[in-house]
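**Student:** only geometry, no sequence info:
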């Protein structure tokens with residue numbers, strides 16, 4: 001059976017399967033009921049691996065093993081598979097979340113923190129930089145930067161980016177604001193984001209940006225996140241950011257923002 005490799009790749013990503021699993025599953029879907037040997041031939045998966053693959057698919061809710069000899073496997077309706085897989089993924093996620101919560105403040109986390117603290121002593125400041133691909137990774141790192149802010153955080157973004165900042169970073173904004181961190185956010189304010197801008201203005205100095213200044217975040221005049229692509233044209237999975245720990249560069253960028261800030265209109269004075 002020949003199935004487009006691009007389609008198999010999409011299935012792997014959607015259902016979190018490896019290549020052998022997705023080949024065996026789609027082969028079984030095309031037959032309805034089949035033995036492991038038949039599926040090995042159809043899917044071009046080694047016979048020695050097929051039983052393990054089918055066992056894995058059964059645990060994940062993709063197939064059902066029929067009683068009898070020879071052992072056969074039954075394909076489930078795709079919409080039923082989606083429901084089963086969703087439940088399985090939620091269960092796994094909850095279990096992993098529980099384990100992660102349990103290590104907070106425990107011996108494992110203390111050991112890891114000790115390794116990090118000892119290692120970071122030997123890192124040159126110029127080495128504290130990195131690239132981040134994918135909007136989810138970018139926002140996770142930006143969230144970490146905000147959470148660790150001690151004095152200030154400045155964010156310059158796009159109209160659409162303001163909505164995303166509200167969605168992803170609002171809890172951290174509220175947390176650090178209670179610690180006295182000064183928050184400044186500049187973005188084009190439109191009818192589509194005025195609601196979020198007003199909510200953010202309760203804890204931050206939010207101002208209307210009428211000219212393009214890029215996409216970046218500066219924390220404590222020490223570290224920066226620069227987003228290098230146009231968020232209107234790039235797919236979220238391919239968005240790209242660069243993180244820098246450089247007080248010299250961060251202070252220079254902060255000064256640039258400060259020189260412009262007084263000319264920007266506060267959101268509460270906009271007539272939208």
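**Tutor:** Received, thanks. Note that the structure is predicted; figures quoted are calculated from it, not measured. Numbering: from 1, shown residues only.
**Student:** model confidence for the nearest residue in space to residue 182 that is not next to it in sequence, exactly?
**Tutor:** Excluding its sequence neighbours, the residue lying closest to residue 182 (Cβ to Cβ, 6 or more residues apart in numbering) is residue 152, at 4.6 Å. Bear in mind the C-beta positions are built from the backbone N, C-alpha and C, glycine included. Here the pLDDT value assigned to residue 152 is 96.
**Student:** count of residues packed around residue 152?
**Tutor:** For residue 152, the neighbour count with other Cβ atoms under 10 Å is 17.
**Student:** quick one: contacts for it?
**Tutor:** 181, 182, 183, 184, 218, 219, 220, 221 (Cβ atoms under 8 Å, 6 or more residues apart in numbering).
**Student:** filter those residues down to just the buried residues.
**Tutor:** 181, 183, 184, 218, 219, 220, 221 (16 or more other Cβ atoms under 10 Å).
**Student:** now for the residues you listed: which two are most distant?
**Tutor:** The distance between the two most remote of the buried ones among the contacts of residue 152 (Cβ to Cβ) is 14.0 Å, for 183 and 221.
**Student:** re the thing from before, got phi/psi on the residue nearest to residue 182?
**Tutor:** Dihedral angles of residue 152 (phi, psi; degrees, to the nearest 10) stand at phi -150, psi 160.
**Student:** roughly how far does it sit from residue 166?
**Tutor:** To residue 166, residue 152 is 19 Å away according to Cβ to Cβ, to the nearest Å.
**Student:** next one: residue 178
**Tutor:** From residue 178 to residue 166 the distance is 18 Å (Cβ to Cβ).
**Student:** who's more crowded, the two?
**Tutor:** More crowded of residue 178 and residue 166, by other Cβ under 10 Å: residue 166, with 17 against 9.
**Student:** correct me if wrong: that one contacts residue 202.
**Tutor:** No. Taking contacts as Cβ atoms under 8 Å, residue 166 lies outside contact range of residue 202: 11.4 Å.
**Student:** restricted to strands, list the buried ones among the contacts of residue 152.
**Tutor:** Residues of these located in strands (DSSP state E): 183, 184, 218, 219.
**Student:** out of the buried ones among the contacts of residue 152, who's nearest residue 67?
**Tutor:** Taking the buried ones among the contacts of residue 152 together and measuring to residue 67 by Cβ to Cβ, the closest member is residue 219, at 60.6 Å.
**Student:** kindly state the beta-bridge partners for that closest one.
**Tutor:** Here residue 219 sits in beta bridges with residue 153, residue 223, going by DSSP bridges.
**Student:** quick one: contacts for it?
**Tutor:** 145, 146, 148, 149, 152, 153, 154, 250.
**Student:** among those, which one lies nearest to residue 112?
**Tutor:** residue 148 (16.7 Å).
**Student:** ok, and the closest non-adjacent residue to that closest one?
**Tutor:** Excluding its sequence neighbours, the residue lying closest to residue 148 (Cβ to Cβ, 6+ apart) is residue 219, at 7.4 Å.
**Student:** what's the nearest residue to residue 139 if we skip its chain neighbours?
**Tutor:** Once flanking residues are discounted, residue 139 sits nearest to residue 168: 4.5 Å by Cβ to Cβ, 6+ apart.
**Student:** wait, that neighbour touches residue 143, no?
**Tutor:** Yes. Using Cβ under 8 Å, residue 168 makes contact with residue 143 at a distance of 6.6 Å.
**Student:** now the buried members of the contacts of residue 219.
**Tutor:** By 16+ other Cβ under 10 Å, the contacts of residue 219 give 145, 146, 149, 152, 153, 154, 250 as buried.
**Student:** quick one, what contacts the last one?
**Tutor:** Right, residue 250. Residue 250 neighbours (Cβ under 8 Å, 6+ apart): 218, 219, 220, 221, 222, 223, 224, 244.
**Student:** tell me how far the fifth one lies from residue 87.
**Tutor:** Distance of residue 222 to residue 87, computed by Cβ to Cβ: 44 Å.
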